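In: Have a look at this prediction, sequence included:
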Amino acid sequence: MAAVTALPVSLSARFKGSFAYFTVKDRLPQILTKAIDTLHRHKNEFFEEHGEKGVEAEKRAISFLSKLRNELQTDKPVTPLEDELPDAALWNQYLDYQRNLLNGNGEPSWFQSPWLFVECYMYRRIHAALAQNPPIGSFDVFKEGKAQNFFESQEAIIALCTYFQELLKNIKDLDEKQLQGELFKLLQVSLWGNKCDLSFSAGEKSSQKSSPLQCLEDMVPYIIVNDMEKLWSLLINAKTRNTDKCTVRVDVILDNAGFELVSDLVLTDFLLSSKLADEVHFHGKSIPWYVSDTTKNDFNWTIKQLQSANHMWMSRCGINWEGNLKKGVWVYQDHMFWTLPHIYSSMAEVAPDLYADLQKSNLLLFKGDLNYRKLTGDRKWEYTVPFHQALNKFHPAPLCSLRTLKSDTQVGLKPGQGEQIQASEPEWMISGKYGVVQFDATP
Ligand code: F6P
Ligand code: MG
């Protein structure tokens, strides 16, 4: 486990009035209540599919979730996982680690422990509530919300797919400057696509309504760390150096399904079509996570929806992307590490196979707020601490975070920059209005 001595404290609900406190007190119970309602609403469906056994399983899952909500709201100690799922032992070791940090002063609990740990733990317990209750074990309580986000973002998706298919028609004729311009546009669409997550809005609607390409320029001032030029240099250098025909591999550590996922797929198709990359690896979640995160089902469902859409350019995208997967130039992967509570500086130790795999990449794109929290350890950093320092030796390959700010942690700002924004907009770190394209290439 990484040494904690010289590091700032972890964000936690024990800091009353902080976003972590508000999240644990209000948002997490709301998410649990919604999950319970969703199960209730599907009772008939469970009965039709599985008879009485389905209804009994639904009741057990609901009582499991109600118990969980009660533990959370009454700040009970975090209990070891009792299921036999493959990651249970790692979770319980992590709980021991948290307990040891307390040196005998009490037990890890919902409001006293690090926010990241208890929040991840809640999603893992939601998963256990279902997984332990066959025959409804594979039911995703968040599926409906993810699909709704996709359908409500329909216009934005059409606008993006249309723009992209038009771009493909003459992509071969673009000079480097034009290629760079297009890359920057699609990076920004993917960045702002991260506004649409459902855990932030406690499962309430959050979709992309307007054309995602229209107001990009107006939003540039809100990108408070903007390393797009550095990303470009890395990609164009890899392309020009690539005369020996080595594969240029880009990995995307995905975040939310719905509009954000489509924006990520467009961005990566652009990387392939422009020959800035030869291969893209997507990393999704192996269990439902943080309400809207992408699982394998969501990934495949999205591509199928696009394929069968009643719109020429949407379906063209879907058909091409299915083809990319078949050809193996797109690869979908999931690894249990992404749904553990560990921060990424522990990856080399906890998941050496994943770390070694990421080392094969030329560029890692980490989407979204939770990935940023895990990259930087979810701590109360000074704003001016360099990104590289906050990564705390996590460096499998050059990496870049595309994240809108939805939690109160941020590094790599210029002196006074954070304070200046804070003075006019106290909610700047949690509103999703600001974003970063933050790059680190130093090994
Ligand atoms: O509730 C915690 C949180 O991690 C917020 O910080 C953030 O709003 C959301 O959940 C996840 O955001 P994202 O989907 O961008 O990772
Ligand atoms: Mg998410």
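Out: Good, I have the coordinates. Ligands and ions are numbered 1, 2, ... in the order given.
In: Below-threshold pLDDT in the stretch 1-150 of the chain: ranges please.
Out: 1-5 (pLDDT under 70).
In: How about it: which residue is closest to ligand 1?
Out: Thr23 (4.9 Å; Cβ to the nearest ligand atom). C-beta here means a position set from N, CA and C on the backbone, and glycine is covered the same way.
In: Can you verify my assumption that that residue contacts Met122?
Out: No. Between Thr23 and Met122 there is no contact under Cβ atoms under 8 Å: 10.2 Å.
In: Domain map for this protein?
Out: For the chain, automatic domain parsing gives the domain ranges 19-131, 143-440.
In: Once you drop chain neighbours, what's closest to Lys275?
Out: Lys239 (6.4 Å; Cβ to Cβ, 6 or more residues apart in numbering).
In: Give me the neighbour count for the one you found.
Out: 19 (other Cβ atoms under 10 Å).
In: ok, then the element right after whichever strand or helix holds Glu322?
Out: Taking DSSP states H and E as the criterion, Glu322 maps to helix 312-327. Downstream of helix 312-327, the next assigned helix or strand under DSSP H and E is strand 330-334.
In: Contact residues of this structure facing ligand 1?
Out: Residues of the chain lying near ligand 1 by Cβ under 6 Å from any ligand atom: 23, 27, 119, 194, 197, 199-200, 255-256, 290, 368-370, 406-407.
In: Now rank those by neighbours and give me the top one.
Out: Ranked by neighbour count (other Cβ under 10 Å), the residues of the chain next to ligand 1 have Asn256 at the top, with 31 neighbours.
In: Would you confirm that that residue contacts Gly368?
Out: Yes. At 6.6 Å, Asn256 and Gly368 qualify as touching, with contact defined as Cβ under 8 Å.
In: what's the span of stretch 331-343 from first residue to last?
Out: The first and last residues of stretch 331-343 sit 24 Å apart, counting by Cα to Cα, to the nearest Å.
In: ah, wrong one, I meant stretch 362-376
Out: Using Cα to Cα, one end of stretch 362-376 lies 21 Å from the other.
In: hmm, back to that, name the stretch among the domains of the chain that sits most buried.
Out: Ranked by mean neighbour count, the domains of the chain are led by domain 143-440 with a mean of 19 (mean count of other Cβ atoms under 10 Å).
In: check whether that one contacts ligand 2.
Out: Yes. Using Cβ under 5 Å from the ion, domain 143-440 comes into contact with ligand 2 via Asp197, Asp255, Asn256, Tyr290, Asp293.
In: Just want the angle from the helix holding Glu322 to strand 330-334.
Out: Orientation check (axes from the mean of the first three to the mean of the last three Cα atoms, to 10 degrees): helix 312-327 against strand 330-334 gives 70 degrees.
In: Mean confidence (pLDDT) on helix 312-327, please.
Out: Helix 312-327 shows a mean pLDDT of 98.
In: contacting residues around that helix?
Out: 157-158, 161-162, 164-165, 265-266, 269, 272, 280, 303-309, 330-332 (Cβ atoms under 8 Å, 6 or more residues apart in numbering).
In: Output stretch 112-127 in PDB with nothing but the alpha carbons.
Out: Extracted as PDB, the C-alpha positions of stretch 112-127 are listed here (Å, rounded to 0.1, in the frame of the first residue of the first chain):
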ATOM      1  CA  GLN A 112     -15.800   8.900   9.100                       C
ATOM      2  CA  SER A 113     -13.900   7.000   6.300                       C
ATOM      3  CA  PRO A 114     -12.500   8.300   3.000                       C
ATOM      4  CA  TRP A 115     -15.400   9.300   0.800                       C
ATOM      5  CA  LEU A 116     -14.000   7.300  -2.200                       C
ATOM      6  CA  PHE A 117     -13.900   4.100  -0.200                       C
ATOM      7  CA  VAL A 118     -17.400   4.300   1.100                       C
ATOM      8  CA  GLU A 119     -18.900   5.400  -2.100                       C
ATOM      9  CA  CYS A 120     -17.300   2.600  -4.100                       C
ATOM     10  CA  TYR A 121     -18.300   0.200  -1.400                       C
ATOM     11  CA  MET A 122     -22.000   1.200  -1.800                       C
ATOM     12  CA  TYR A 123     -21.900   0.300  -5.500                       C
ATOM     13  CA  ARG A 124     -20.300  -3.000  -4.700                       C
ATOM     14  CA  ARG A 125     -23.000  -3.800  -2.100                       C
ATOM     15  CA  ILE A 126     -25.700  -2.900  -4.600                       C
ATOM     16  CA  HIS A 127     -24.100  -5.400  -7.000                       C
END
